[in-house]
Structures are given as C-alpha cells and as structure tokens.
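A.B. asks: sequence and predicted structure are below.
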Protein chains: 2
Amino acid sequence: MKPRPAQRPRSAVPRCERCTLHARCLPLGLEFDALQSFDDIIRLPQALKRGQALMRQGAPFTSLYVVRSGSLKQTVAQPEQRAQVTHFYLPGEIVGLDAIGEEECHGSVVALESAFVCELPFTRLEVLAERLPELRGRLYRCMSRELRRDQRMMCLLSGRTADQRLASFLLGLSERFSSRGLSPYRFFLSMSRSDIGSYLGLALETVSRVLARFQEQGAIAVAGRELTISDIEALEALAAESTGATRAARLFD
Amino acid sequence: MKPRPAQRPRSAVPRCERCTLHARCLPLGLEFDALQSFDDIIRLPQALKRGQALMRQGAPFTSLYVVRSGSLKQTVAQPEQRAQVTHFYLPGEIVGLDAIGEEECHGSVVALESAFVCELPFTRLEVLAERLPELRGRLYRCMSRELRRDQRMMCLLSGRTADQRLASFLLGLSERFSSRGLSPYRFFLSMSRSDIGSYLGLALETVSRVLARFQEQGAIAVAGRELTISDIEALEALAAESTGATRAARLFD
DNA sequence: CGTGTCATTGATGGCTCTCAACTCGAGTGG
DNA sequence: CCACTCGAGTTGAGAGCCATCAATGACACG
C-alpha cells in the first residue's frame, strides 16, 4: 500500500550483476563493461499486483520484460474463439519476444501473483546489441529456444491424452523451478485449474479429475494450489506412456 | 535425371536481386550493396528430390535454408512418442530458425516434392548481420513471426474440432499460396493425409472423412491432392464456428 | 501385373467435454 | 460474530467427437 519509502535507493539503479537471476537472464555472459551498459538501459523494476496487466493484446509494443519474481500468464484472444492461455512466465524468463518487429503486442500478459519485472525498452536494446555481439547471440538463442518450446507444446497438444499433458506440464514446471534453485518436488501453482486447462487444451474439470487420479495413484499430492511430487518416476511414466495400446513409438528415419 | 548440363552458368552465382522470391525472402529491404554481400554468402541452390532430407534431427546445425521452390515438412521425434509433423515450408520461408544458437538441428526436414533451397551458412550470416542492422531486424522479425505462428497453432490444437482445424489449415495454405502469387482457390497438397493429420493432431482417417464432408457441403472440391476451394466463406464459417453450442466467445478483459 | 503406398469408408469403443450440483474458503457487511 | 456472496475447485452423469481397427479401392512403380 505505502509507496516503498526507504527501499528506493537500492533498486533505483538496477544492478544486473547483483541480481540473483543473473545466471539465467538475458545479459548472461556479457563482459563487465557491457553489463554496465546493460544496466543503463534497464528501467526501474516494476511491481505488479495479482491480476494486473503488464501488456494488453493490441497495445503498441515497446519493451521486453524480464520476470524478476512472481509469475505471469499470456493469453491470446482470436476472433471467433475464446481467449486461450499460451504461456506461463517464471522468474528469469522474457516476456514479449513474440512481438519483436511488430507494432502491437501479440497477447495480453497478466500477473498471476505479486510480481516484479525489469523493463527493457526494445529500441535501446537494439542500439546496445549493435555493439555487443554476445547480446545479439543471446537474443537469437532465447527466441529459438522459445520456438523449440512452442513446438514441444504443439506435439503435446496434438495427440496426447489428458494424463500425458498434465504429467508433462507438471514435470516441466518441476524442471523450471529446479533450475531456478527451488525445489523440484514441492511448489506452488500460481495459476488456476482453468488456466492450466486452457493452456493444455483441456476442460478445467478434466484437470481437476486427472490431478485427483494422479494423487490416488501416489504420484503426486495436491492440496489446493500446493503441489508435491511424491513419485517422479511414476509421473514420468505417466507422461510417456501411450494411450494404452502403447504400440512401439516409431522413431523411424 | 541428367545432371543439369548447361543450366549451371545461370545459377552458379546466385543473384538475390533477380530471384522471383526477392519480395518475400530474408534480404528484403537491403540496400543494393548490402544485397551484393548477401549474394556472396549464399551457397549454390541445392536440389532436393521428393523424400530427400535437408537436415536430420540431431545433426550439427550449420545453416539456415530458404525454400526457393517446392515444399518441405519438418518432423520432430520425441522420446517415447511417435514423430510428429511440426511445420510445412513453402517457397520464401526459412528453415532452421529453431536451431539458432544450438549445436544440433531440432527436427528433420524432408522434401515433399522436388525442391530447391538456398543455403545460408549461419556463421557467415552473423558476420554479415554485424554491419547490416536491417538484416538483424529481418531476422528478429522472421523469428517472432514464427513464434506467433506457433502460438496460433497451439490455439488451433487445443480445443478446436477436427472441422475447425482442417478448415483453418486449408485457409492458411490458401493465404500462403495467394501471397506468393499463386491461386488462393486452387492448389496442390504436396503433403499426404497422414502428414496433415500428424500436423493437426488428427488421425489420417479423420482428415479424409472431414475433407469428404467439406466436399459434400460444397465448400471445397478434392481430387486426390488437387484441392479447390469453391466457397471460401463457407470454409471460413467452418473454421470459426464453435462446437455447436457456440456460446459467446468471451473476449473479456 | 504384382506390390506397395496412399486414400477412402464403415463400425465400434473410449476419452473428454458439457451440464449440473455441491463444497470450501475468503471477503464483505450487518 | 454470523450470514451472505462470490469465485475456485471437486465430483457425478450423459453425450459426442474422434481414434482405432479393419477392409477395400486407387494409383504409381518396377
């Protein structure tokens, strides 16, 4: 509520080198002086409350954002369709890569809980990239990694059962939390069942039912949005196994 | 069959400025002398026969390719799953964006028919991009456009019926052919029903059935792989309409 | 003219959506 | 402190879409 009184001095000048996310963020691998330049273009960390929008679909695109803490979701509304969740963003991940080169934001991005983001005005980033080959490389890599991520998602959505989708989703979250130094076995689902369903192409009731079944089977324990993976191997089996008639997955050619 | 005897002199030195795809290709918007540099790094157009692989999943990544003629498909095999078609490439489109910054190719890319591709060795492209800001911008734009394309695909795959997927697919192809100067109403499907099914997350039998039904309804006419769109508005309606209980698509927020 | 691939068509079963009722907890106001 | 409201989540029953299995037809290739 109160407008952060004495906290300002510390965050007034963002310091990437001091950021705990440094190892996972965009400027990874930049030289010291390059990092200084990077600091110069970053805007003050921005606080978002739960439900607050970071960008709105169709609004002019100006900046990329790096999640510093909290989590967000991207939703895309297409004509004649209901809006769908297309992405969840965790700390260290970059929001807005899909709008580069466009005038408008491709989707709306909303905070799922209290969150902080660092703003990277894209025009300044481009100027900086002009003289920092490593930064260009990082950008390319981030984008192509996201392309691969989306393609895995497409594979998941086409022709996998609800069990497989949900198991893969949980394992993916587990891995992302793990690589951020958090527990891979116990974490908080900041998104609703409805969000998960929209993201995975399932009805929210199905999400609820499958989670309950996973719990019966002893693979996980869920209590509201608190999730514990009790048997990760069982979960991996659930993610991999085919519809029942697991006919040898043809990995031909 | 015969190894192109007298044709070589013309294609020996590729000339982007003369290429009929110039308006749709990567170097669009480059100045004349920049275009010259671009010509320098392009390798001889490469011919592919139907079924021949341009890249194989897991092989070292070295180059991007631009499709000059013909069409290709990308397939991605994931552990414990059957391989899936993730992309169809038409003339002017770039193959390999999802492997940038990686050591390995992300998926296999195979020619669906006789095809020509221009090779762009990535290291040389990077060097060139160093001094051509427009080229960097083009690359970013291509990648973010593909990100948006993938996200539309994800929306299509999650929660749309077979009819909607197939109608959207055909409309998408129509538009891509159209923007290449070909007829939007009559074109050749170089991919098999099985490929389409894999791409759309449907069984090949379903693809066949739905196409037959679209024909009954008078929206299209199919004869093998020759496709004619006879009523594009009907097709658009099929792509848009919801499962039957079209409850108002909530475009809230 | 066999052979294989691709495509079509039919019958059946199952996964998941939809509709609906209910529980639970938080926030609000009396 | 309690009743009320609202949203999120759970659970149940039925229907529908689509995958699967299977057989047949079309076509190219050698």
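C.D. replies: Received, thanks. Residues are numbered from 1 along each chain as shown, chains lettered A, B, ... in the order given.
A.B. asks: which residue is nearest the middle of chain A?
C.D. replies: Centrality entry for chain A: nearest residue to the mean C-alpha point is A:Tyr89, 2.2 Å, by C-alpha atoms, centre = their mean.
A.B. asks: doesn't A:Leu227 lie inside a strand?
C.D. replies: Yes: remark: A:Leu227 belongs to a strand, assigned using DSSP: H, G, I helix; E, B strand; the rest coil.
A.B. asks: that one touches A:Met191, doesn't it?
C.D. replies: No: contact criterion C-beta atoms under 8 Å: A:Leu227 and A:Met191 do not qualify, at 11.3 Å. Every residue, glycine included, has its C-beta placed from N, CA and C.
A.B. asks: which strand residues bridge the nearest residue to the residue nearest to the centre of chain A once chain neighbours are set aside?
C.D. replies: Residue nearest to A:Tyr89 in three dimensions, not counting chain neighbours: A:Leu72, with 4.4 Å by C-beta to C-beta, 6 or more residues apart in numbering or on different chains. Counting by DSSP bridges, A:Leu72 forms beta bridges with A:Tyr89, A:Ala111.
A.B. asks: quick one: residues contacting A:Met153.
C.D. replies: The contact partners of A:Met153, by C-beta atoms under 8 Å, 6 or more residues apart in numbering or on different chains, come to B:150, B:154.
A.B. asks: for it, grab phi and psi.
C.D. replies: Here is the backbone geometry of A:Met153 (degrees, to the nearest 10): phi -60, psi -40.
A.B. asks: residues in contact with the residue nearest to A:Tyr89?
C.D. replies: Going by C-beta under 8 Å, 6+ apart, A:Leu72 touches A:48, A:54, A:88-89, A:95, A:109-112, A:115, A:117.
A.B. asks: quick one, phi/psi of A:Leu157?
C.D. replies: According to degrees, to the nearest 10, A:Leu157 has phi -70, psi -30.
A.B. asks: skipping adjacent residues, who's closest to it in space?
C.D. replies: Per C-beta to C-beta, 6+ apart, closest to A:Leu157 is B:Leu157, 3.9 Å.
A.B. asks: from A:Gln84, how far off is that neighbour?
C.D. replies: Remark: distance between B:Leu157 and A:Gln84 (C-beta to C-beta, to the nearest Å) = 10 Å.
A.B. asks: likewise A:Pro184?
C.D. replies: 27 Å.
A.B. asks: higher neighbour count, the two?
C.D. replies: Comparing A:Pro184 with A:Gln84 by other C-beta atoms under 10 Å in any protein chain shown, the one with more neighbours is A:Gln84, at 23 against 16.
A.B. asks: from B:Thr86, how far off is that one?
C.D. replies: According to C-beta to C-beta, A:Gln84 and B:Thr86 sit 19 Å apart.
A.B. asks: helix or strand: which one has the residue nearest to A:Arg24 when sequence neighbours are not counted?
C.D. replies: Nearest residue to A:Arg24, sequence neighbours excluded (C-beta to C-beta, 6+ apart): A:Gly92, at 3.7 Å. For A:Gly92, there is no host helix or strand (DSSP states H and E).
A.B. asks: quick check, A:Gly92 in contact with A:Tyr65.
C.D. replies: No: in this structure, A:Gly92 is not within contact of A:Tyr65 by C-beta under 8 Å, at 11.7 Å.
A.B. asks: quick one on the thing from earlier: residues touching the residue nearest to A:Arg24, list them.
C.D. replies: A:Gly92 neighbours (C-beta under 8 Å, 6+ apart): A:21, A:24-25, A:66-67, A:180.
A.B. asks: ok so A:Glu17 is a helix residue?
C.D. replies: Yes: under three-state DSSP, A:Glu17 sits within a helix.
A.B. asks: what is the neighbour count of the residue nearest to it when sequence neighbours are not counted?
C.D. replies: The spatial neighbour of A:Glu17 that comes closest, neighbours along the chain excluded (C-beta to C-beta, 6+ apart), is A:Leu35 at 5.5 Å. By other C-beta under 10 Å, the residues close to A:Leu35 number 18.
A.B. asks: what's the answer for A:Val222, then?
C.D. replies: Number of residues near A:Val222 (other C-beta under 10 Å) recorded here: 15.
A.B. asks: can I assume it is in contact with A:Arg213?
C.D. replies: No: using C-beta under 8 Å, A:Val222 makes no contact with A:Arg213, being 10.8 Å away.
A.B. asks: chain B contacts on the stretch 1-150 of chain A?
C.D. replies: A:53, A:56, A:75-84, A:86-87, A:97-102, A:106-108, A:110, A:126, A:129-130, A:133, A:136-137, A:139-141, A:143-148, A:150 (C-beta under 8 Å from any C-beta of the partner chain).
A.B. asks: list buried residues within these.
C.D. replies: A:75-78, A:81-84, A:86-87, A:97-101, A:106-108, A:110, A:126, A:129, A:136, A:139-140, A:143-148, A:150 (16 or more other C-beta atoms under 10 Å in any protein chain shown).
A.B. asks: mind checking which of those land in helices?
C.D. replies: A:126, A:129, A:136, A:139-140, A:143-148, A:150 (DSSP state H).
A.B. asks: redo those residues as TSV? Include pLDDT and distance to A:Glu205.
C.D. replies: TSV is the format used below for those (pLDDT from 0 to 100; distance: C-beta to C-beta, whole Å):
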residue	pLDDT	distance to A:Glu205
A:Glu126	87	46
A:Ala129	84	46
A:Arg136	85	46
A:Leu139	88	41
A:Tyr140	87	41
A:Met143	91	36
A:Ser144	90	36
A:Arg145	91	33
A:Glu146	92	30
A:Leu147	92	32
A:Arg148	91	31
A:Asp150	93	26
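A.B. asks: distance of A:Thr228 from A:Ser183?
C.D. replies: 9 Å.
A.B. asks: okay, and the common contacts of the two?
C.D. replies: With C-beta under 8 Å, 6+ apart, A:Thr228 and A:Ser183 have no common neighbours.
A.B. asks: chain A against DNA strand D: which residues are in contact?
C.D. replies: Within chain A, the positions adjacent to DNA strand D are A:159, A:192-194, A:204-205, A:207-209, A:211-212, A:222, A:224-225, A:243, A:245, A:247 by C-beta under 7 Å from any atom of the strand.
A.B. asks: buried ones among these?
C.D. replies: Buried subset of the residues of chain A next to DNA strand D (neighbour count, 16+ other C-beta under 10 Å): A:159, A:193, A:207-208, A:211.
A.B. asks: tally of neighbours for the residue lying closest to A:Gly159 once chain neighbours are set aside?
C.D. replies: Closest residue to A:Gly159 apart from its sequence neighbours, by C-beta to C-beta, 6+ apart: B:Gly201 at 5.0 Å. Close neighbours of B:Gly201, defined as other C-beta under 10 Å, add up to 23.
A.B. asks: quick check, pLDDT for B:Gly201.
C.D. replies: Looking at B:Gly201, its pLDDT reads 94.
A.B. asks: report the contact partners of it.
C.D. replies: With contact taken as C-beta under 8 Å, 6+ apart, B:Gly201 is in contact with A:157-159, B:157, B:165.
A.B. asks: would you write a PyMOL line that selects the buried entries of these?
C.D. replies: Those of the contacts of B:Gly201 that count as buried under 16+ other C-beta under 10 Å are selected in PyMOL with:
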select buried, (chain A and resi 157+158+159) or (chain B and resi 157+165)
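A.B. asks: now do the strands in chain A.
C.D. replies: Here chain A has its strands, by DSSP state E, at A:43-48, A:53-55, A:63-69, A:72-76, A:84-89, A:94-95, A:108-111, A:115-121, A:186-188, A:220-223, A:226-229.
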